[in-house]
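> Let me see the structure of the following:
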Amino acid sequence: DLEKGLEHYNKKWAGVFFSINQMKPGERDKASVTGVNARACEIDGLDKEDQRKLISVAPIAPSLIIESKSSFHMYWFAKDGTIENWTKICRGLRNFFWGDPAIASDISRVLRVPGYYHMKNPDEPFMCDIIDWNGEYHTEEEMLKAFPDTETLADKEARAIKKEQQLKQAIWNDDTWDRI
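Predicted structure coming up:
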């Protein structure tokens, strides 16, 4: 059966992936997307502790978070998702979370399936797992307001400042003195 086959090949160093959006059967490219199920973002360039801090100050919490070897894959389930706004919303997520630009630009992107090993390095397999699931669905209006796609060339320099401020906010919150 399918699950046994996936487990067999995953143990032989094959990655197991899924597409978060609806596709024409047997195809996987931008032109074959027929509907939006969720928006996604993978944080790049931060260790997992800093990723958790950044996630904790998000204006809208992800509907689902999957832990991969070196990052978290975050999903916001779409209440009224359109193909036309998917990239714009995902660019807003990328800007806020310092995310992987490849995800924000590819509506047909595949991401890791929880319950299977991350096998990029077969000598160090990592079991991907769901670490948070609130199951909430969000409208495009909510997502565009919370994660605006406003980055311009001048904004790229400001991203570094914003990143530092977000991390400080995550570190220095109401219980900081209790933790010191």
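
> Tell me the confidence at the closest residue to residue 35 other than its chain neighbours?
In this structure, residue 35 finds its nearest non-sequential neighbour in residue 22, 3.7 Å apart by Cβ to Cβ, 6 or more residues apart in numbering. Any C-beta I mention is one placed from the backbone N, CA and C, and that applies to glycine too. Listed pLDDT for residue 22 reads 92.

> Kindly report the same for residue 166.
65.

> same deal with residue 159?
Per-residue confidence at residue 159 stands at 58 (pLDDT).

> And for residue 172?
57.

> Can we start the residue count at 348 from this point?
Okay, using 348 as the starting number, the last item reads as residue 519.

> And the helix or strand where residue 439 lies, what does it pack against?
Here residue 439 sits within helix 430-444, counting by DSSP states H and E. Other helices and strands packing on helix 430-444, by 3 or more Cβ pairs under 8 Å, 6 or more residues apart in numbering; DSSP states H and E, are strand 385-389, strand 419-425, helix 448-451, helix 487-493, helix 500-518.

> Considering these, which stretch scores lowest in mean pLDDT?
Among the helices and strands packed on helix 430-444, helix 500-518 has the lowest mean pLDDT, at a mean of 61.

> For the most centrally placed residue in the chain, give its distance to residue 361.
Residue closest to the mean C-alpha point of the chain, counted by Cα atoms, centre = their mean, is residue 388 at 2.5 Å. Computed as Cβ to Cβ, to the nearest Å, the residue 388 to residue 361 distance reads 25 Å.
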